[in-house]
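Participant: Sequence and computational prediction follow.
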Amino acid sequence: MVGVSDRRRTIVWVSPERVWLVREVAEAIGLEVVAAGGPGKGRSAAAASALGADPIDDLTQALAEGEADLIWLVCAGSFGAGAEGRDASACQAARRRGVRIATLEPIPPGLMELDSGRWLALGEGGRAVDAPRFCPLARLARPLRESPELIQTFGAVDCLAVEVLCAPREGTAGARLYSAAELVCAVMGEPEVVDAAYVSPGRSESLHVLPGQSLADLHGTITANLRFADGRCAGLIASDRGGQWHRQATLLGPGGRLRITDGGFRWVGPEGNLIDQSEARRGEPDVAGSLAVRVIADAINCLMDPRGPEVGPVDHVGILSICQAALLSARTGQGESPATIRRMTGGR
């Protein structure tokens, strides 16, 4: 799978249902979990015991002072949602010590938190919001890393369809929505209008639960149609009810159709001719959960590798604007403007 390097001392913040993920990723890429804790009272001791690590109760303190090569937020809990800037300062402190931060959930979880929590303030090494790396970023998927000019070579994109799915034990719908929006933002920019719908995990004929106002702890399924000012369009589906990990993007344009998954890509011309493709990697087990482990392990391995791919700027404001517009649209039943939401919430 992913090459194992020297053991990297790792502090983990995780809920009990995702301890298995930490174990398998750690084994795959040589992480030594030295300390562990989790959101919620009394969970730190259980997480630490399950991973054979020392318990920690304060994630912010661990970021500010912890001795490790990597701090991995598998479950963010309330981290990043505070308005006083303490969490952002802790991430800056970790970066100053050379500690890498990986997160399975978006940090912060919304536009209001982005502004009020001082995540955009410049410090030594850059903005605090750039210290945690969302892993895995869709645009850093292996097929795109191995063919970095693929989308540029394909040319103009008129329509983009994105599916990002997982099982509840592999992540949240909030993280999947962020991942889908990140790819839309990278390929097509910010849409003019987002029209979304949401289905909660406990939906029934008599109960229709609406999503919250941030990505924190969002579960269920969300779909969205995105319209751009120049006539282009995109659609996405994000869910933690997908059974197992699945990411797919389909690009349509004058160049034909380009489909990209975690296993490879296939480019078919407008006349149906095969222009290019990459083969899925063979010899890896195709069982529930295994793809999630491979993809997340690969992303963290790249983060820890000084020779890893250049990430470039992440448009946190643009991504969260799309997500907030989708959440608001799902509540109002109307199309919403990311630009308007950004102005209302103080996003820059």
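Facilitator: Perfect, thanks for sending it.

Participant: Which stretches in the stretch 1-150 of the chain count as helices?
Facilitator: Secondary structure of the stretch 1-150 of the chain (DSSP state H, counting those that start in this stretch): helices located at 19-29, 43-51, 59-65, 86-96, 111-116, 142-146, 150-154.

Participant: Okay, helices next: where are they in the stretch 151-300 of the chain?
Facilitator: Going by DSSP H, counting those that start in this stretch, the stretch 151-300 of the chain shows helices at 173-188, 290-304.

Participant: could I get the helices of the stretch 1-150 of the chain as CSV with mean neighbour count?
Facilitator: Quick note: C-beta positions are derived from backbone N, CA and C, even for glycine. Formatted as CSV, the helices of the stretch 1-150 of the chain follow (neighbours: other Cβ atoms under 10 Å):
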stretch, mean neighbour count
helix 19-29, 20
helix 43-51, 19
helix 59-65, 19
helix 86-96, 22
helix 111-116, 22
helix 142-146, 17
helix 150-154, 16
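
Participant: Let me know which of those helices is the nearest to Ala297.
Facilitator: Of all the helices of the stretch 1-150 of the chain, it is helix 19-29 that lies closest to Ala297, at 4.2 Å by Cβ to Cβ.

Participant: what's the angle from that closest one to helix 290-304?
Facilitator: 60 degrees (axes from the mean of the first three to the mean of the last three Cα atoms, to 10 degrees).

Participant: I'd like the average pLDDT over helix 19-29.
Facilitator: Helix 19-29 shows a mean pLDDT of 95.

Participant: Which neighbouring elements make contact with it?
Facilitator: strand 8-13, strand 31-37, helix 43-51, helix 290-304 (3 or more Cβ pairs under 8 Å, 6 or more residues apart in numbering; DSSP states H and E).

Participant: Check which residues of the helix or strand just after the last one are buried.
Facilitator: Following the chain from helix 290-304 toward its C-terminal end, the next helix or strand by DSSP states H and E is helix 316-332. Buried residues in helix 316-332, counted by 16 or more other Cβ atoms under 10 Å: 316-330.

Participant: again with stretch 335-347
Facilitator: 335-339, 341-342, 345, 347.

Participant: do the same with stretch 212-226
Facilitator: Buried-residue list, stretch 212-226, by 16+ other Cβ under 10 Å: 213-226.

Participant: Quickly name whichever of those is closest to Ser200.
Facilitator: Using Cβ to Cβ, these come closest to Ser200 at Gly220, 4.6 Å.

Participant: I'd like the distance between Glu146 and Asp298.
Facilitator: 11 Å (Cβ to Cβ, to the nearest Å).

Participant: so which of the helices of the stretch 151-300 of the chain comes closest to Glu27?
Facilitator: helix 290-304 (8.9 Å).

Participant: by how many degrees do the closest one and strand 8-13 diverge?
Facilitator: Using the same axes, to 10 degrees: helix 290-304 against strand 8-13 is 120 degrees.

Participant: what pLDDT does Phe117 get?
Facilitator: Phe isn't right for residue 117; it's Gly. Gly117 is given a pLDDT of 86.

Participant: what does Pro285 give?
Facilitator: Value for Pro285, per-residue pLDDT: 41.

Participant: Redo the helices of the stretch 1-150 of the chain as a markdown table? Include distance to Pro270.
Facilitator: As requested, the helices of the stretch 1-150 of the chain are arranged in a markdown table below (distance: least, Cβ to Cβ, whole Å):
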| stretch | distance to Pro270 |
| --- | --- |
| helix 19-29 | 40 |
| helix 43-51 | 52 |
| helix 59-65 | 50 |
| helix 86-96 | 46 |
| helix 111-116 | 39 |
| helix 142-146 | 21 |
| helix 150-154 | 12 |
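
Participant: so which of the ones you listed comes closest to Ala181?
Facilitator: It's helix 111-116; of those, that one is closest to Ala181 (Cβ to Cβ) at 12.0 Å.

Participant: now the closest one: how far from the chain's centre is it?
Facilitator: 18 Å (Cα atoms, centre = their mean, to the nearest Å).
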